[in-house]
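Trainee: sequence and predicted structure, then a few things I'm wondering about:
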Amino acid sequence: MNRPHPVCALLAGLMFFAAAVRGESFARPAATESVSGQFSISVEPANNPFFQPQNLAANTNLLRLEPALLAVSAERFKAALWRTIGLAADTPWRGKIFLTLHPARSLNDTANLSVQPFVNRWNYRLELPDVMTADCCARALSAALLLELANRNAPVSGHSANVPDWLVAGLGQQVLDDEEAPIILSAPRKLINELPQTRVVEKRRGLDPLAEARQVLLNSPALTFEQLSWPNAAQMAGDDGGAYFASAQLFVAEILELKNGPAKIRALLATLAAHQNWQTAFFEAFREDFRRSLDVEKWWALRVVAFTARDPGPRWTVAVSRERLDAVLAVPVNIRYAPDTLPTYSEISLQSVIRNFEPARQVEILQARLRDLELAEFRLAPPLNGLAAGYGKALSDYLHARKKIFFLRRPGPATTIRLLDALDARRRETEAKLRTSPLPEDLNLNAP
């Protein structure tokens, strides 16, 4: 029988005595609950609190996770993920997700997700290193949230759903890159002048969320649908140069653009637990688009060629595109309500310009708006770029007609105003769909 070294025993005794003198306890601290109550964050104590791998301590591009910030980050990520697939942010949750942080042992330390049946629901335990990349953290949160959604109608007496890896990775990366503001928060590394400072490098926000995927796929061929379906360990670890994750993100972005794409992803998730493999659920949900694997491969090959062949420069994200299009279509004016009052800033519509401004001023404003629309069209995210083209055509036809003495089969003011009203209605409808698509509590995921 090995006896403890006397020096080690002495040190352990001194540490215990010092803690007792200060009134400290070695008991695990209470868990931190997120605002919705779905996430519970706890911390595993370090085996050796004095040891931290040097490559982690020196790397400034890693997230440093701590319970309070992780509780906020998880809720932010969930809201963004639900928005991407068309779920209302306040959709009730069913399964509890327990997040456990442990001291990172290396840069390759991975997250582990386990499923636990509990009475009449499934619960989830997600173990995370306290230092990791934002991409890895996004994929881990995506895996837990999508599995919780897929298991909501699955009896605990049965089996847990099997969410495809490409959906977990693709949605996780798309959510991370599509948001204008950072979603996953990092704890500061140090204090400078009593202010918390961190040197985590932030991505450039508000531009094309597929910009990094485009760069990867310019240097590496995109994976086939078959390869996406059965990734190997090296691909899941990112040892392929990121080709798997880039391909998965592009694949998810493309199926979201299909007719009722978000609804079909929800239908896929809703039926996963009823099938032994996700392929059956996939073809059931996307039966309008694909009948067999060959159909997916053909469609996917065309989408990859179209994506890599064109490089229009960085596009704006949906959120930024919405703001930019609204700004282009709003005409700033200064209104003076009385001769002796200061002018008040306001914004009016293109229809108001056509109704109320004299011809010369009208043409000047509309020509400027037409130029702005033509420039913005190439950077707006679909389908807002199509709306910009519609506004541009309406203004172009109207301005061309102004050069004629008679309108003779060309749109006059009344016709153009009706066209702009119809475009405004389409824009409001499109923007509402881009924000969210609420579902009833029974999660009828087949609804468009």
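Mentor: On my side now, so go ahead.
Trainee: strands paired with the longest strand belonging to the chain, and their directions?
Mentor: When the chain is parsed with DSSP state E, its longest strand is strand 121-129. Note on strand 121-129: by DSSP bridges, its sheet partners are strand 97-102 (parallel), strand 112-118 (antiparallel).
Trainee: any idea which residue sits dead centre in this protein?
Mentor: The centroid of the chain falls nearest to V175 when counting by Cα atoms, centre = their mean (1.5 Å).
Trainee: what sits against that one?
Mentor: F77, A80, L81, T84, A138, S142, I183 (Cβ atoms under 8 Å, 6 or more residues apart in numbering). C-beta here means a position set from N, CA and C on the backbone, and glycine is covered the same way.
Trainee: quick one, helices of the stretch 51-200 of the chain?
Mentor: According to DSSP state H, counting those that start in this stretch, the stretch 51-200 of the chain carries its helices in the segments 54-58, 67-84, 134-150, 165-178.
Trainee: now for F118, how many residues are close by?
Mentor: 11 (other Cβ atoms under 10 Å).
Trainee: now swap in A80 and tell me
Mentor: For A80, the number of neighbouring residues by other Cβ under 10 Å comes to 19.
Trainee: grab the nearest non-local neighbour of it.
Mentor: Residue nearest to A80 in three dimensions, not counting chain neighbours: V175, with 4.8 Å by Cβ to Cβ, 6 or more residues apart in numbering.
Trainee: follow-up on the earlier one: from A88, how far out is the residue nearest to the centre of the chain?
Mentor: 16 Å (Cβ to Cβ, to the nearest Å).
Trainee: distance from stretch 253-260 to the middle of the chain?
Mentor: 15 Å (Cα atoms, centre = their mean, to the nearest Å).
Trainee: hmm, I typed the wrong one, I wanted stretch 380-390.
Mentor: Distance, centroid of stretch 380-390 to centroid of chain: 20 Å (Cα atoms, centre = their mean).
Trainee: contacts for it, please.
Mentor: Contacts of stretch 380-390 with the rest of the structure, by Cβ under 8 Å, 6+ apart, involve 257, 315-318, 321-322, 324-325, 328, 373, 376-379, 423, 426-427, 430.
Trainee: would you mark the buried spots in it?
Mentor: L380, A381, P383, L384, N385, L387, A388, G390 (16 or more other Cβ atoms under 10 Å).
Trainee: how does the chain divide up, domain by domain?
Mentor: 32-187+206-314, 321-435 (automatic domain parsing).
Trainee: redo those domains as TSV? Include mean pLDDT.
Mentor: Below are the domains of the chain laid out as TSV (pLDDT from 0 to 100):
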stretch	mean pLDDT
domain 32-187+206-314	88
domain 321-435	84
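Trainee: now, of these, which is deepest in the fold?
Mentor: Stretch with highest mean neighbour count among the domains of the chain: domain 32-187+206-314 (a mean of 18; mean count of other Cβ atoms under 10 Å).
Trainee: helices along the stretch 251-400 of the chain, start to end?
Mentor: Along the stretch 251-400 of the chain, counting by DSSP H, counting those that start in this stretch, helices occupy 261-271, 278-285, 293-309, 318-329, 350-356, 359-377, 384-402.
Trainee: and the fifth one, what does it pack against?
Mentor: With contacts defined as 3 or more Cβ pairs under 8 Å, 6 or more residues apart in numbering; DSSP states H and E, helix 350-356 has these neighbours: strand 331-335, helix 359-377, helix 384-402, helix 413-435.
Trainee: taking helix 413-435 as reference, get the angle to the third one.
Mentor: This points to helix 384-402. 170 degrees (axes from the mean of the first three to the mean of the last three Cα atoms, to 10 degrees).
Trainee: chain center to helix 384-402: distance?
Mentor: Remark: helix 384-402 is offset 32 Å from the chain centroid, using Cα atoms, centre = their mean.
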